[in-house]
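Chemist: Please find the sequence and the predicted model below.
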Amino acid sequence: AAAVAAMAAGMLLGSVPVDLGALAAGDQGAWTIFVDLRLPRVLLAAVVGAALAVSGAALQPTLRNPLASPEIIGVSGGAAISAVLALAFLPPG
């Protein structure tokens, strides 16, 4: 419930608040802000959070350590290096 509330707040609140009434009325500016700017950002944040939760939950039984996390064993650092190398050397697209 808290995650859904945070996602709703992320979609509606910002430097330009989006009114649900304006969305329902078909206001093009509000629709552009809501769908093109905020929706992808909120969905990506939810996917990244879920991926981190799954990786932590998978590492704990695998390593038989209840304190194991991706940061402790270096998985997060390796992923960061891979992301930087991909941004640096792969063509945009």
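Modeler: Structure's in. What do you need?

Chemist: Scan the protein for its longest helix.
Modeler: Longest helix of the chain, by residue count under DSSP state H: helix 39-63.

Chemist: buried stuff in that helix?
Modeler: Across helix 39-63, burial judged by 16 or more other C-beta atoms under 10 Å covers 42, 59. Where C-beta positions appear, they are placed from N, C-alpha and C, glycine not excepted.

Chemist: Remind me what that helix packs against, helices and strands.
Modeler: In terms of contact count using 3 or more C-beta pairs under 8 Å, 6 or more residues apart in numbering; DSSP states H and E, helix 39-63 is assigned the packing partners helix 2-12, helix 70-73.

Chemist: Let's see the helix or strand following the last one as PDB, backbone CA atoms only.
Modeler: Just to be clear, that refers to helix 70-73. Under the assignment DSSP states H and E, the closest C-terminal helix or strand after helix 70-73 is helix 75-89. Below are the C-alpha coordinates for helix 75-89, written out as PDB (Å, rounded to 0.1, in the frame of the first residue of the first chain):
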ATOM      1  CA  VAL A  75      27.600  -6.900  -7.200                       C
ATOM      2  CA  SER A  76      26.400  -3.300  -7.100                       C
ATOM      3  CA  GLY A  77      29.900  -2.000  -8.000                       C
ATOM      4  CA  GLY A  78      30.200  -4.400 -10.900                       C
ATOM      5  CA  ALA A  79      26.800  -3.400 -12.200                       C
ATOM      6  CA  ALA A  80      27.800   0.300 -11.900                       C
ATOM      7  CA  ILE A  81      31.000  -0.300 -13.900                       C
ATOM      8  CA  SER A  82      29.100  -2.200 -16.500                       C
ATOM      9  CA  ALA A  83      26.600   0.600 -16.900                       C
ATOM     10  CA  VAL A  84      29.300   3.200 -17.200                       C
ATOM     11  CA  LEU A  85      31.200   1.200 -19.800                       C
ATOM     12  CA  ALA A  86      28.000   0.600 -21.800                       C
ATOM     13  CA  LEU A  87      27.200   4.300 -21.800                       C
ATOM     14  CA  ALA A  88      30.700   5.200 -22.800                       C
ATOM     15  CA  PHE A  89      31.300   2.700 -25.600                       C
END
